[in-house]
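S.K.: Everything below, folded, please.
(4 chains)
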2 protein chains.
Amino acid sequence: MASDHTRSAILAAAERLYADRGFGDVTLRDIVAEAGVNLAAVNYHFGSKDELIAELFVTRSIATNRERLRELKAAEEEGGGRAPIEVILRALVGPTLRGCLGPENQRSTAARFMIRASIESVPPIRRIKNREIDHLRKFAGAMRRSLPDRSDVDIYWGLNFALAMAHHTIRESERLTKLSEGKCDLDDVEDVVARVVSVATMALTAGRVEAKVPSKVAAR
Amino acid sequence: MASDHTRSAILAAAERLYADRGFGDVTLRDIVAEAGVNLAAVNYHFGSKDELIAELFVTRSIATNRERLRELKAAEEEGGGRAPIEVILRALVGPTLRGCLGPENQRSTAARFMIRASIESVPPIRRIKNREIDHLRKFAGAMRRSLPDRSDVDIYWGLNFALAMAHHTIRESERLTKLSEGKCDLDDVEDVVARVVSVATMALTAGRVEAKVPSKVAAR
DNA sequence: GATAGTTTCATACAACTGTTTGAATTGCAA
DNA sequence: TTGCAATTCAAACAGTTGTATGAAACTATC
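M.R.: This is a model prediction of the structure:
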């Protein structure tokens, strides 16, 4: 097995650089310079640049997903198989938001990397994201058990909107801060989580929308 | 001057290719081949590749923003300066959703291009997006007039969530279809608009005296 | 039809990319 | 120490990219 030193030095350097400068303009040569290793080391240890990126992303994704499922499982067990919808939603968006928001100076490299990954979405990452569906289905299942009266369509839309609000807020956190002139405090992560969960809960529990809106409603 | 033929052939070809294959792997040589013009023509007519992309995106953005403001202005005039919040939200997310969703085979090249732009977010486009804040402020203003009791913070969060749901649904439309096994019909654009507007309205009006939610949203 | 200005074209350029190679070095077991 | 595999390294490779050049082909005006 040897020392693994080079390998992990590359991983750390790559994550740092991608987090800071994005995938677009970080080359292998930048990475090996930062890591203090030889250019060929990346291909020797990872096979290719894409596989390096994939390994970084998979590692972080697994960590987040495990945390989400841990919270979900705990909630369902406590409720004897049915968890309150807010708690499920919190398990869904909480870990990601907590990982990616918060005061910038104490944001981890891993968090900043994941933000980049959600903004730039480079091919190897997209491929992995497509396999995330099974993971989301577990949440859809829990939501269905929590809201048995709700139609599948509504469940999926609720899930979609919850993820939408969480991810978009992360992606565009800078713009929201600027737009609101600092009035929206994105460093107060628990407030953000509460807002997202609250709106998603309303989406899932309030009166459902008519499937077809006669589009006269707008003109009114 | 002159015929402009080459210029517009390049624009059309570039938009088509970017829409189909994304920014990542479309080169200038691909574009000029598709347009049937010489390689040097791009730099001659646009200065650089980035300026070509920027021109494409600006053109489409202006069209969308104009449409949004047109709907907003009409609504506010009809309401004597105050439009119902659903109508404002509909003006905000409607044009984009209508432009980017709907049956794939009848989706315009322009629409598919804008979807790509929202997914891949290449540098010249990011630069332009940052200037969109002034445009959003106009909507924040209208929302404030519509919901005078609401705090600025809540207004901005509502605006953020509305955009979040619209954009995320566009970005991840494929995944939502797969996740829901086709149960969520993304071709029914007016239904999608109604869902987004409905949830965003709830986000903005919940927990308050239902100021003036005219029609059906509060009901059922 | 000569002229001046614009537009097109083939071609070259310079830089950068990820990857490969084969020799040198290291680490470790016998 | 010897031998062998794993690792590191400098260098080159092969390909692609966007851009620049200078001559040729147009176009319109006089």
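S.K.: Helices of chain A, residue ranges please.
M.R.: A:5-21, A:28-35, A:40-46, A:49-78, A:85-100, A:109-120, A:123-129, A:133-146, A:152-171, A:173-179, A:189-205, A:216-219 (DSSP state H).
S.K.: Check which helices and strands the second one sits against.
M.R.: Packing contacts for helix A:28-35, counted by 3 or more CB pairs under 8 Å, 6 or more residues apart in numbering or on different chains; DSSP states H and E, involve helix A:5-21, helix A:40-46. The C-beta positions use only the backbone N, C-alpha and C, and glycine is treated the same way.
S.K.: Quick check: chain neighbours aside, which residue is closest to residue A:196?
M.R.: With sequence-adjacent residues excluded and distances taken as CB to CB, 6 or more residues apart in numbering or on different chains, residue A:196 is closest to residue A:165, at 4.6 Å.
S.K.: Stretch A:184-195 close to chain B?
M.R.: Yes: looking at stretch A:184-195 against chain B by CB under 8 Å from any CB of the partner chain, the contacts come from A:184, A:195.
S.K.: Now that stretch: average pLDDT?
M.R.: Stretch A:184-195 shows a mean pLDDT of 95.
S.K.: deepest of the helices and strands packed on helix A:28-35, which one?
M.R.: Ranked by mean neighbour count, these are led by helix A:5-21 with a mean of 18 (mean count of other CB atoms under 10 Å in any protein chain shown).
S.K.: Packing partners of it?
M.R.: Using 3+ CB pairs under 8 Å, 6+ apart: helix A:5-21 touches helix A:28-35, helix A:40-46, helix A:49-78, helix A:109-120.
S.K.: What residues of the last one count as buried?
M.R.: So the one you mean is helix A:109-120. Neighbour-count burial for helix A:109-120, counted by 16 or more other CB atoms under 10 Å in any protein chain shown, picks out A:110-120.
S.K.: could you give the angle of it to helix B:109-120?
M.R.: The directions of helix A:109-120 and helix B:109-120 differ by 170 degrees, with axes from the mean of the first three to the mean of the last three CA atoms, to 10 degrees as the criterion.
S.K.: Could you tell me how far helix A:109-120 lies from the centre of the chain?
M.R.: A distance of 9 Å separates the centroid of the chain from that of helix A:109-120, by CA atoms, centre = their mean, to the nearest Å.
S.K.: quick check: mean pLDDT across that helix?
M.R.: Averaged over helix A:109-120, pLDDT sits at 87.
S.K.: is DNA strand C contacted by that helix?
M.R.: No: against DNA strand C, helix A:109-120 shows no contacts by CB under 7 Å from any atom of the strand, the least distance being 13.7 Å.
S.K.: Ok, the second one next?
M.R.: Yes: among the residues of helix A:40-46, A:40, A:42-43 lie within reach of DNA strand C under CB under 7 Å from any atom of the strand.
S.K.: when you check DNA strand D, which of these turn up near it?
M.R.: The overlap between the residues of helix A:40-46 next to DNA strand C and the neighbours of DNA strand D (CB under 7 Å from any atom of the strand) comes to residue A:40.
S.K.: Could you list the buried residues of stretch A:191-207?
M.R.: When burial is assessed from 16+ other CB under 10 Å, stretch A:191-207 yields the following buried residues: A:192-193, A:195-205.
S.K.: hang on, residue A:36 packs against residue A:10?
M.R.: No: taking contacts as CB atoms under 8 Å, residue A:36 lies outside contact range of residue A:10: 9.8 Å.
S.K.: quick revisit: show me the contacts for the residue nearest to residue A:196.
M.R.: A:93, A:196, A:199-200, B:160-161, B:164-165, B:168 (CB atoms under 8 Å, 6 or more residues apart in numbering or on different chains).
S.K.: run the last query once more with 7 Å
M.R.: Contacts for residue A:165 (CB atoms under 7 Å, 6 or more residues apart in numbering or on different chains) come out as A:196, A:199-200, B:161, B:164-165.
S.K.: Over to residue A:178?
M.R.: Residue A:178 makes contact with residue B:133 under the criterion CB under 7 Å, 6+ apart.
S.K.: Ok, residue A:18 next?
M.R.: By CB under 7 Å, 6+ apart, the neighbours of residue A:18 are A:26, A:113, A:116.
S.K.: swap in residue A:161?
M.R.: Residues counted as contacts of residue A:161 (CB under 7 Å, 6+ apart) are A:200, A:203, B:165, B:199.
S.K.: biggest separation within those residues, which pair?
M.R.: Maximum pairwise distance among these (CB to CB): 10.1 Å, between A:200 and B:165.
S.K.: mind giving me the domain split of chain A?
M.R.: A:1-47, A:50-207 (automatic domain parsing).
S.K.: Comparing those, which comes out most buried?
M.R.: Across the domains of chain A, averaging neighbours per residue (mean count of other CB under 10 Å) puts domain A:50-207 on top, at a mean of 18.
S.K.: does any part of that one sit near DNA strand D?
M.R.: No: legend: contact between domain A:50-207 and DNA strand D by CB under 7 Å from any atom of the strand is lacking; minimum distance shown is 13.8 Å.
S.K.: Find the residue at the geometric middle of chain A.
M.R.: Residue closest to the mean C-alpha point of chain A, counted by CA atoms, centre = their mean, is residue A:96 at 4.7 Å.
S.K.: residues touching that residue, list them.
M.R.: Contact analysis of residue A:96 by CB under 7 Å, 6+ apart lists A:64, A:166.
S.K.: 10 Å instead, please
M.R.: Going by CB atoms under 10 Å, 6 or more residues apart in numbering or on different chains, residue A:96 touches A:64-65, A:67-68, A:111, A:114-115, A:118, A:163, A:166-167, A:169-170, A:193.
S.K.: next one: residue A:117
M.R.: Taking CB under 10 Å, 6+ apart as the test, what residue A:117 contacts is A:18-19, A:22-23, A:53, A:56-57, A:60-61, A:100, A:125-126, A:128-129.
S.K.: Please produce TSV containing the residues you listed, extended by distance to residue B:153.
M.R.: Formatted as TSV, the contacts of residue A:117 follow (distance: CB to CB, whole Å):
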residue	distance to residue B:153
A:18	33
A:19	29
A:22	30
A:23	33
A:53	37
A:56	36
A:57	34
A:60	31
A:61	32
A:100	21
A:125	33
A:126	34
A:128	36
A:129	32
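S.K.: out of those residues, who's nearest chain B?
M.R.: Proximity of those to chain B (CB to the nearest CB) peaks at residue A:129, which lies at 7.9 Å.
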